[in-house]
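**Q** Take this sequence and fold it.
(one chain, ligands or ions: 1)
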Amino acid sequence: MKRRSVALLLMLCALLAGCSSGTTPAEEPPEQSILLGFSQLGWESAWRLANSESIKEAAERAGVSLMYENAEQKQDRQIKAIRSFIAYQVDVIAFSPIVETGWDNVLQEAKDAGIPVLTTDRMVETGDESLYAGFIGSDFYQEGVAAGEFLIEKAEREGLSDLNIVELSGTLDSTPMLQRAEGFRDAIAGQENLHLIDSMSGDFLRPKGKECMKALLEKHARIDVLYSHNDAMTLGAIAAMEEVGLVPGRDVIIITVDGEQAAIDLLKQGSINCVIECKPQIGDMVMELAKKLAAGEEIPRCTYSEERVFTEFDADLDSIPPRGY
Ligand code: GYE
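**A** Next up is the predicted model:
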């Protein structure tokens with residue numbers, strides 16, 4: 001008799017537990033969908049295209065309604081897009097600023113409208129830090145340091161001295177351009193065998209990368225190293241080298257940033273010596289942070305992606321999974 005009542009009690013408990021395990025929607029309010037205004041800066045590289053895809057796919061996965069605008073490399077078009085998001089009263093604004101400066105007015109307008117702003121991929125420079133909530137993207141300074149460290153290791157391993165380095169930099173005044181340049185310079189400072197002899201901006205574009213490399217090759221009698229701020233410019237530069245009979249990766253040491261499939265393939269073939277990874281797939285993190293902001297929660301000022309460095313010295317280059325961009 002006692003055993004039967006215990007069994008009955010257990011059955012009752014199980015039933016009650018079943019009822020409270022999330023099957024009563026009345027107890028858990030459905031997650032509110034948010035409206036996110038996103039201003040992409042352009043389509044200058046495969047990295048950018050993958051970044052745009054990542055944002056769109058992640059919004060769908062997260063049930064976020066997305067207002068998406070592409071500014072085609074023009075800051076004034078980004079400002080216009082942000083103003084339209086404010087007029088539309090979106091819950092959160094996210095944007096990838098093409099350059100660091102010139103945002104204060106529009107950010108103030110967003111603040112006055114009570115709309116939190118997240119910068120993605122690139123940063124803004126402003127005297128008033130309260131004008132945006134936070135940043136999500138890569139640690140570009142560290143990428144520059146990694147590029148310098150690779151070169152130091154390469155020179156040491158192979159006993160190379162007096163290397164003439166040229167730099168192809170990205171869009172002037174953009175965060176990756178500024179920080180990749182600074183990190184690299186800091187890393188090689190004090191290395192007497194490494195000479196940074198010239199730097200030109202190829203605006204993160206493949207044709208400009210080719211044009212700049214051509215000009216650099218005409219100007220300098222000997223170039224031993226190319227440090228390029230993105231793969232698109234590197235691919236252009238390689239074409240310029242080949243046109244004058246140089247063998248990339250052998251006659252000129254090549255260090256590039258991003259990690260597009262094309263760059264990884266050239267690393268495997270020996271035409272590139274080092275690829276610093278920069279991840280464009282930050283969409284899921286953007287959605288997570290946007291939801292927090294919409295809910296009035298605090299977010300970290302800076303959220304960085306984890307990234308790798310691939311070099312000609314790695315034993316397992318063939319095991320690199322497909323890059324997806
Ligand atoms: O490296 C480059 C691009 O901002 C990190 O922009 C991004 C850079 C990326 O177009 O390829």
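
**Q** okay, the residue of the stretch 151-300 of the chain found nearest the ligand: pLDDT?
**A** Nearest residue of the stretch 151-300 of the chain to the ligand, counting by CB to the nearest ligand atom: residue 230, 3.5 Å away. Yep, even glycine has a C-beta here, placed from its N, CA and C like the rest. In this model, residue 230 is scored at 98, pLDDT.

**Q** how many neighbours does it have?
**A** 33 (other CB atoms under 10 Å).

**Q** Report the distance from stretch 226-245 to the chain centre.
**A** 21 Å (CA atoms, centre = their mean, to the nearest Å).

**Q** hang on, I meant stretch 162-179
**A** The answer for stretch 162-179 is 16 Å, by CA atoms, centre = their mean.

**Q** Any residue of it touching the ligand?
**A** Yes: using CB under 6 Å from any ligand atom, stretch 162-179 reaches the ligand at residue 176.

**Q** in that stretch, what's buried?
**A** Within stretch 162-179, the residues that count as buried by 16 or more other CB atoms under 10 Å are 163-171, 173-179.

**Q** Quick check: helices, which of the residues you listed are part of them?
**A** Cross-referencing those against helices under DSSP state H gives 175-179.

**Q** so which strand or helix has residue 284?
**A** helix 283-294 (DSSP states H and E).

**Q** Averaged pLDDT, whatever helix or strand comes next after that helix. What do you get?
**A** Per DSSP H and E, the first helix or strand lying C-terminal to helix 283-294 is strand 302-304. For strand 302-304, mean pLDDT is 97.

**Q** mind checking the SS state of residue 256?
**A** Look at residue 256: counting by DSSP: H, G, I helix; E, B strand; the rest coil, its state is strand.

**Q** nearest spatial neighbour of it, skipping sequence neighbours?
**A** Excluding the flanking residues, the one nearest residue 256 by CB to CB, 6 or more residues apart in numbering is residue 234, at 4.0 Å.

**Q** mind exporting the helix holding residue 284 as CSV, just the C-alpha atoms?
**A** Extracted as CSV, the C-alpha positions of helix 283-294 are listed here (Å, rounded to 0.1, in the frame of the first residue of the first chain):
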residue,chain,number,x,y,z
GLY,A,283,27.5,38.0,-37.9
ASP,A,284,26.4,35.8,-35.0
MET,A,285,28.3,37.9,-32.5
VAL,A,286,26.8,41.1,-34.0
MET,A,287,23.3,39.7,-33.5
GLU,A,288,24.0,38.6,-29.9
LEU,A,289,25.3,42.1,-29.0
ALA,A,290,22.5,43.9,-30.9
LYS,A,291,19.9,41.9,-28.9
LYS,A,292,21.6,42.8,-25.6
LEU,A,293,21.6,46.5,-26.6
ALA,A,294,18.0,46.4,-27.6
